[in-house]
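>>> I would like the atomic coordinates for the input below:
(2 chains)
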Amino acid sequence: MFDEKTIQMILEGIRDTLYMTLVSTFFGYVIGLPFGIVLKVTRKDGLRPNKIIYGIGDFICNIIRSVPFLILLILLIPFTRMVVGKSYGSTATIVPLVICAAPYIARVVESSLNEVDAGVIEAARAMGASDLQIIFKVLLVEAKVSLLNGATITTGILLGYSAMSGTVGGGGLGDIAVRYGYYRWQTDIMVITVLLLIAIFQIIQNLGSFIAARTDHRKR
Amino acid sequence: MSEIEIKELTKKFRVKEHTVTALDHINLSVEKGDIFGIIGMSGAGKSTLVRSINFLETPSEGQVLIDGVDLAGLSEKELRKKRSEIGMIFQGFNLLEQKNVIDNICFPLEIAGVKKKEARKRAGELLKTVSLEDKEKAYPSQLSGGQKQRVAIARALASNPGILLCDEATSALDPQTTESILQLLKEINEKYGITIVMITHQMSVVTRICKKVAIIENGVLVEEGAVDEVFETPKSDAARELILEKKNEYLPVEKLKEGRNIRIVFHDNSSYEPLVANLILNFNRPVNILKADTKNVGGKARGEMILGLPAGAQLQDEMIEWIRQRGLSVTEVGEDV
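Alright, predicted model coming up:
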């Protein structure tokens, strides 16, 4: 159906898409996880309520999340160029993806941690646990399943956003879909990339759900 | 020196613009090895009181002394150390759902930095104490309420505390399980000499295992003493209410002092005749029904009724005689009913 060159291109597209999605999810968590923990700890029912820190974090979160990704992508071009040296291609796309994902992840983490029963936290305090011990040995452990589900959803969203970055030369399957499907009207390549995106999404979602369910000890 | 000494403890909460006084100048001391019950209706402040003992709630005024040490004077680190010497169990068990039984029991030791091998050994011993040797690898979701509370007790005992605080520890359990948990607590008290402070709203829990009791009402300590004394001769209204265990059954007998209160128990076939109606028709005088209750005991109706008879000794005697003639037993009851 396709010549070798096209197949090669699609394979590279898959590789680039996975690269962008997974690396941005990883760095998104590097920033978003501590950010989410800070939000949880400083909120008014948290371990160390702090109106100022929570207020600032909350504000930053809302600001970034209210900018549509495509606009953020363009807005961040100078910053991206500063960080990775260029503003197009897969690696360059990771920068806005991380910036976009981090506050989203922070919110997901905050809400996962909120699900942890206040009674369990109180029990840990009664045992003499420090705040750090409560965060690492109680909150993150008890919220594990919810955190994994959150990570699965986040990865799925970043997969979609990475494809969206194709419109401004982002690389990966989205880029192929835009270039061949949109500019050249090559519907077959367009369809293939869409099917591949669906397949990758399914794999991520199912794998995430499977791992989350496997590690959950609450029901059985 | 008392093991726990609470002096003039006051706790105020700010709710919007209002200040609510949850505890009002409480004075209490608990001796080593006691099982001390703190009882009160819900909202009386007893949960706040027990949380003040390990400073999960910081008092607004007053002092809490554990073995003579004022908790308010401790640094955060010292306070955490002190807390680890006070075990606590809860109504909702509060086990870590993602950890199995043995890891739950090891948890306080992990926090205290005890080596894993040592912690496991201690946890194994405690599993025996609470008779759950076979549940070592089970997760809380696989356990019954009673078993969860046993795990919670084992966890609370892991760091060898001198004091065990129980916050409504049996309130989520059925009567039989409650009984077995109370039995276990009593054994632990006797075996390890651990001081137990029990918060409850159930008088039956207090009468079952406590030696001393304090009654809290609206944040105020209204009565305190040995359990049998308080149970036999309750001095406060709150104590009387709790002994009757149902608030609604407490009767405003004050108003009926001139009359006489009698208790009639209906047996098998005696409830066919409309007794009270006939009594009133016969004597042409009003009778006050103070309480009426029917129970189905083994398929037979057993009724209990408390009547307030109108004033006049002769009339009252005649009425009682009239009821007795219908084959019913009549007992006079005091003001407290």
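
>>> ok, which stretches of chain B are helices?
Applying DSSP state H to chain B gives helices spanning B:46-53, B:76-84, B:101-111, B:116-129, B:145-157, B:175-192, B:203-209, B:227-232, B:237-244, B:275-283, B:313-325.

>>> before we move on, what about chain A?
Here chain A has its helices, by DSSP H, at A:4-42, A:51-66, A:69-75, A:77-84, A:90-114, A:118-126, A:131-133, A:140-142, A:144-164, A:172-176, A:187-215.

>>> out of these, nearest to chain B?
helix A:118-126 (3.9 Å; C-beta to the nearest C-beta). For every residue, glycine as well, the C-beta is placed using N, CA and C.

>>> Check which residues of that closest one are buried.
Within helix A:118-126, the residues that count as buried by 16 or more other C-beta atoms under 10 Å in any protein chain shown are A:120-126.

>>> Give me the number of neighbouring residues for B:Arg51.
The criterion is other C-beta atoms under 10 Å in any protein chain shown. On that basis, B:Arg51 has 20 neighbouring residues.

>>> who's in contact with the closest residue to it other than its chain neighbours?
Of all residues not flanking B:Arg51 in the chain, B:Glu57 sits nearest, at 4.1 Å (C-beta to C-beta, 6 or more residues apart in numbering or on different chains). Neighbouring residues of B:Glu57 by C-beta atoms under 8 Å, 6 or more residues apart in numbering or on different chains: B:11, B:48, B:51.

>>> repeat that for 10 Å
B:9, B:11, B:13, B:22-23, B:47-51, B:64 (C-beta atoms under 10 Å, 6 or more residues apart in numbering or on different chains).

>>> Ok, B:Thr10 next?
B:21-26, B:52, B:59-62, B:219.

>>> Output the contacts of B:Glu57 as TSV; include the columns pLDDT.
Formatted as TSV, these follow (pLDDT from 0 to 100):
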residue	pLDDT
B:Leu9	94
B:Lys11	93
B:Phe13	89
B:Ala22	90
B:Leu23	92
B:Ser47	90
B:Thr48	92
B:Leu49	94
B:Val50	94
B:Arg51	94
B:Val64	95
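
>>> Return the closest of the residues you listed with respect to B:Ile196.
The shortest gap between B:Ile196 and any of the contacts of B:Glu57 belongs to B:Val50, at 11.3 Å (C-beta to C-beta).

>>> Run a quick neighbour tally on the closest one.
Other residues close to B:Val50 by other C-beta under 10 Å number 21.

>>> before we move on, what about A:Val194?
A:Val194: 15 neighbours (other C-beta under 10 Å).

>>> Contacts only, for A:Thr6.
A:Thr6 touches A:176, A:180, A:186, A:188-189, A:192, counting by C-beta under 10 Å, 6+ apart.

>>> coming back round to it: and among the helices of chain A, the most buried is which?
Stretch with highest mean neighbour count among those: helix A:172-176 (a mean of 26; mean count of other C-beta atoms under 10 Å in any protein chain shown).

>>> Only alpha carbons, please: show it as CSV.
C-alpha atoms of helix A:172-176 as CSV (Å, rounded to 0.1, in the frame of the first residue of the first chain):
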residue,chain,number,x,y,z
GLY,A,172,5.3,13.0,15.4
LEU,A,173,2.0,11.5,14.1
GLY,A,174,0.1,14.8,14.4
ASP,A,175,2.6,16.5,12.2
ILE,A,176,2.3,13.7,9.6
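
>>> what number of residues lie near the closest residue to chain B within chain A?
Nearest residue of chain A to chain B: A:Gly128, at 3.4 Å (C-beta to the nearest C-beta). When counting by other C-beta under 10 Å, one arrives at 21 neighbours for A:Gly128.

>>> Which pLDDT does the model give it?
At A:Gly128, the model reports a pLDDT of 94.

>>> And it, its phi and psi?
With angles defined as degrees, to the nearest 10, A:Gly128 sits at phi 100, psi 20.

>>> That one touches B:Leu56, doesn't it?
No. A:Gly128 lies out of contact with B:Leu56 (C-beta atoms under 10 Å); the separation is 11.1 Å.

>>> residues shared between the contacts of these two?
B:Arg83.

>>> for the chain, what are the low-confidence residue spans?
Just so you know, I chose chain A. The model of chain A has pLDDT under 70 over residues A:1, A:220.

>>> you looked at the wrong chain, it should be chain B
Residues of chain B that meet the cut-off, pLDDT under 70, sit at B:232, B:243-259, B:267-272, B:293-302, B:333-337.
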